[in-house]
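1. What follows is a predicted protein model with its sequence.
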Amino acid sequence: MLALCACAADKAVSPNVTPTLSPEQSAEQTPSPTVAPAETPDLFIVADPEPEKTYEELVQIKLHEIIDSMTLHDKICQMLIVSPDDMTGVAGTTIVGEQTWSALDKYPVGGIIHFSQNISGGAQITSYNSALQDFSKIPLFIAVDEEGGRVTRLGKLGVHSVKAMLHYENDGEETAFENAVTLSQALKEHGFNMNFAPVADVWSNHSNTVIGDRAFSTDFELAAQLVAAAVRGYRESGVACSLKHFPGHGNTREDSHHSTAYINKPLDELREEEFTPFIAGITAGADLVMTGHLIVPELDELPATLSKVLLTNILRKELGFKGVIITDSMAMSAVSKHFSVDYVAVTAVQAGVDIILIPIDIDETITALVNAVENGEISERRIDESVRRIILLKISMGLIYVPHS
């Protein structure tokens, strides 16, 4: 609304009246001049101050600023989390040097995942992660598989003593929550901000060796309760967490690291069993869901990682997951032995994937996705959808700062 302020005009001598003094008039007696009325008052238009923007509005402004400043190449790089070894071509990378600087400049990726060979000590990995963030144009997800038990990277440093999750099956939700907090504190202390945990698979087939004691339980309902508690622990601690491995790896006979793995169940049974911990974790606020390279013959001939039926129709639409969908490592045999690098990159994004984890060939993956956009196989709008989720997650984690008005 505009406020109108009328300011009174100073008295003005009419240009048509010329005052004169007769000789008889004394010096102190001066006739008053005739004053002409002001024809139009001066008007000053003062705009009301704009209302302060809400935090949500500021987030959207920041989000658009970042995305609008990115090239297609930059956007696609944000959709990758890579190992430092693959990025630099140097095995067992433990420090940031010229090759790392050059690689991050060429490939401004969304994140880095470390493995045991990249971690030689607490001070080393803390310094390494800090240097990575300092150089990156957009703050990085710095991720690790830190489940406790046999799947650990920091446990070998003695910074925590969390055992495999099945060990705590009967200890209740409080223990599941506290274990997640313990792992998060160890991760944050050393510069990590993302954990590929908790495992939402249920160890329902004891011939399955890939999951085993990594699961929270052998019972679907109990696993759901404990997974949700763990998610709450990660969220309270400020570490992004990822439910894995959708649609559920606990009943397969095969290990997807080494071969094609199958879930031979109908959809209704999956809804009642395998999906239960994922639904609980999503409800509790999980940031990411990691896909398993698992084939559900009743639904699709392709692994879940490449299946639009499983990722878009079921995970997004039916289960209502609005966060980031990330693949399991693309170096695993279940995909790498059966599909080309360019095929899995394009098909995964078409299926609904936001982040590709450990592409076998970074350059070939980026090129395949750029070409897919340019030839119309994937719209740039579809790329923007994933980048938007990624940047929003980074904002929510505090990696990208947005002031509270």
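-> Arrived safely, thanks for sending. From a predicted model like this one, the values you see are computed outputs, not experimental measurements. Numbering: from 1, shown residues only.
2. Surely Leu311 and Ala304 touch.
-> Yes. Under the criterion of Cβ atoms under 8 Å, Leu311 makes contact with Ala304 at 6.9 Å. Any C-beta I mention is one placed from the backbone N, CA and C, and that applies to glycine too.
3. overlap in contacts of the two?
-> Shared contacts of Leu311 and Ala304, defined by Cβ atoms under 8 Å, 6 or more residues apart in numbering, are found at Thr291.
4. just for this structure, where's the confidence low?
-> For the chain, applying pLDDT under 70 flags the ranges 1-48, 254-256, 258-259, 405.
5. ok, which stretches of the stretch 51-200 of the chain are strands?
-> Ranges of strands in the stretch 51-200 of the chain, per DSSP state E, counting those that start in this stretch, are 80-82, 111-113, 141-144, 194-195.
6. Could you identify which of these is most buried?
-> Most buried of those by mean neighbour count (mean count of other Cβ atoms under 10 Å) is strand 194-195; its value is a mean of 27.
7. Let me see the residues that make contact with the next helix or strand after that strand.
-> For strand 194-195, the following helix or strand on the C-terminal side (DSSP states H and E) is helix 220-237. Helix 220-237 is touched from outside by 165, 168-169, 173-174, 176-181, 184-185, 188, 195, 197-200, 202, 204, 215-217, 240-241, 243, 272-274, 276-277, 279-281, 283-287, with contacts defined as Cβ under 8 Å, 6+ apart.
8. repeat that for 6 Å
-> For helix 220-237, contacts defined as Cβ atoms under 6 Å, 6 or more residues apart in numbering pick out 173, 176-177, 180-181, 184, 198, 200, 202, 216-217, 241, 273, 276-277, 280-281, 284-286.
9. Centre of the chain to the helix or strand following it, how far?
-> Going down the chain from helix 220-237, the next helix or strand is strand 240-246, by DSSP H and E. In terms of Cα atoms, centre = their mean, to the nearest Å, the centre of strand 240-246 is found 13 Å from the chain centre.
10. Name the nearest residue to Ile358, ignoring sequence neighbours.
-> In space, and not counting its chain neighbours, Ile358 is closest to Ser329: 4.2 Å by Cβ to Cβ, 6 or more residues apart in numbering.
11. Based on its surroundings, how many neighbours for that neighbour?
-> 22 (other Cβ atoms under 10 Å).
12. And it, how far from Pro303?
-> Separation of Ser329 from Pro303 (Cβ to Cβ, to the nearest Å) stands at 13 Å.
13. do the same with Asp363
-> Separation of Asp363 from Pro303 (Cβ to Cβ): 24 Å.
14. More neighbours: those two, which one.
-> Between Asp363 and Pro303, Pro303 has the larger neighbour count (other Cβ under 10 Å), namely 29 against 11.
15. Next up, the contacts around that one.
-> With Cβ under 6 Å, 6+ apart, Pro303 has these contacts: His293, Ile295.
16. try Gly191
-> Contacts of Gly191 (Cβ under 6 Å, 6+ apart): Thr126, Asn129, Ser130.
17. Ramachandran angles for Ser379?
-> phi -80, psi 150 (degrees, to the nearest 10).
18. Just the element for the closest residue to it other than its chain neighbours, please.
-> With Cβ to Cβ, 6+ apart as the criterion, Ser379 has its nearest non-adjacent residue at 7.1 Å, and that residue is Val373. Element membership of Val373 [criterion: DSSP H and E] is helix 362-374.
19. Could you check the angle the following helix or strand past that helix makes with strand 240-246?
-> The helix or strand immediately downstream of helix 362-374 is helix 380-396, counting by DSSP H and E. Here the directions of helix 380-396 and strand 240-246 differ by 130 degrees (axes from the mean of the first three to the mean of the last three Cα atoms, to 10 degrees).
20. Go ahead and measure how far helix 380-396 is from the middle of the chain.
-> How far helix 380-396 lies from its chain's middle: 7 Å, per Cα atoms, centre = their mean.
21. what's the answer for stretch 189-200, then?
-> Averaging C-alpha positions (Cα atoms, centre = their mean) puts stretch 189-200 13 Å from its chain's average.
22. Flag every buried residue along that stretch.
-> Of the residues in stretch 189-200, His190, Gly191, Phe192, Asn193, Met194, Asn195, Phe196, Ala197, Pro198, Val199, Ala200 count as buried by neighbour count, 16 or more other Cβ atoms under 10 Å.
23. Return the subset of the contacts of helix 220-237 lying in helices.
-> Among those, the members found in helices (DSSP state H) are Glu173, Ala176, Phe177, Ala180, Val181, Ser184, Thr276, Pro277, Ala280, Gly281, Ala284.
24. can you list contacts of stretch 54-72?
-> Stretch 54-72 is contacted by residues Val370, Val387, Ile391, Ile395, Val402, His404 when judged by Cβ under 6 Å, 6+ apart.
25. coming back round to it: same list, the strands of the stretch 51-200 of the chain, but as TSV with distance to Asn264 please.
-> Formatted as TSV, the strands of the stretch 51-200 of the chain follow (distance: least, Cβ to Cβ, whole Å):
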stretch	distance to Asn264
strand 80-82	31
strand 111-113	31
strand 141-144	31
strand 194-195	31
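26. So which of the ones you listed is nearest Thr291?
-> Closest approach to Thr291 among these is made by strand 80-82 (13.3 Å; Cβ to Cβ).
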